[in-house]
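Asks: Build me a structure from this.
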Amino acid sequence: MRVLLVGYEPEVVDFSDPALPPGLDAEKIRHGIRVALEDMRGRGWTAEHCLVRPDDQAGQAVREKLAAAPYDCLVIGAGIRSWPRHLPVFEAILNAAREAAPATAIVFNTRPQDSAAAVERVCREAPRS
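Replies: Residues are numbered from 1 along each chain as shown. Below is the predicted model:
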């Protein structure tokens, strides 16, 4: 199974935004990404991440990553989906995924640490050749 995890670059997150959980910081995000990738790789999957900025280039970055290699599953992080003022970024990422990799399943996590469970919920083990 080949999985792509998409999330925000920790350094560009506005931690003063009241929509974010209290106490969240860049190191906690980096740690969550490491844990998610290690968990997926520990299951024998090929797991990569694509970190984007909350701007008009996010969709293009995801499009390019999906075009570079086939993925079975795309995990779009909760930070991208749940931040109301960044709804256009979420839409751009969804549309880029639909256009670049229409056969790739899209799943949503609630935090980085449950990314593998989200993949298992939607993407059955179907490794690429």
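Asks: Could you report the distance from Lys65 to Pro21?
Replies: For Lys65, the distance to Pro21 under the criterion Cβ to Cβ, to the nearest Å works out to 27 Å. In short, each C-beta sits where N, CA and C put it, glycine included.
Asks: so how far is the longest helix that the chain contains off the chain centroid?
Replies: In the chain, assigned by DSSP state H, the helix with the most residues is helix 26-42. A distance of 11 Å separates the centroid of the chain from that of helix 26-42, by Cα atoms, centre = their mean, to the nearest Å.
Asks: Which other helices and strands does that helix contact?
Replies: Packed against helix 26-42 by the contact rule (3 or more Cβ pairs under 8 Å, 6 or more residues apart in numbering; DSSP states H and E) you find strand 2-8, strand 46-52, helix 115-122.
Asks: so of the ones you listed, which one's packed in deepest?
Replies: With neighbours defined by mean count of other Cβ atoms under 10 Å, none of the helices and strands packed on helix 26-42 is more surrounded on average than strand 2-8, at a mean of 23.
Asks: Could you tell me which other helices and strands it packs against?
Replies: Applying 3+ Cβ pairs under 8 Å, 6+ apart, we find strand 2-8 packed against helix 26-42, strand 46-52, helix 58-68, strand 73-76, helix 78-81, helix 115-122.
Asks: Run the angle between it and strand 46-52 for me.
Replies: On the basis of axes from the mean of the first three to the mean of the last three Cα atoms, to 10 degrees, strand 2-8 is oriented at 20 degrees to strand 46-52.
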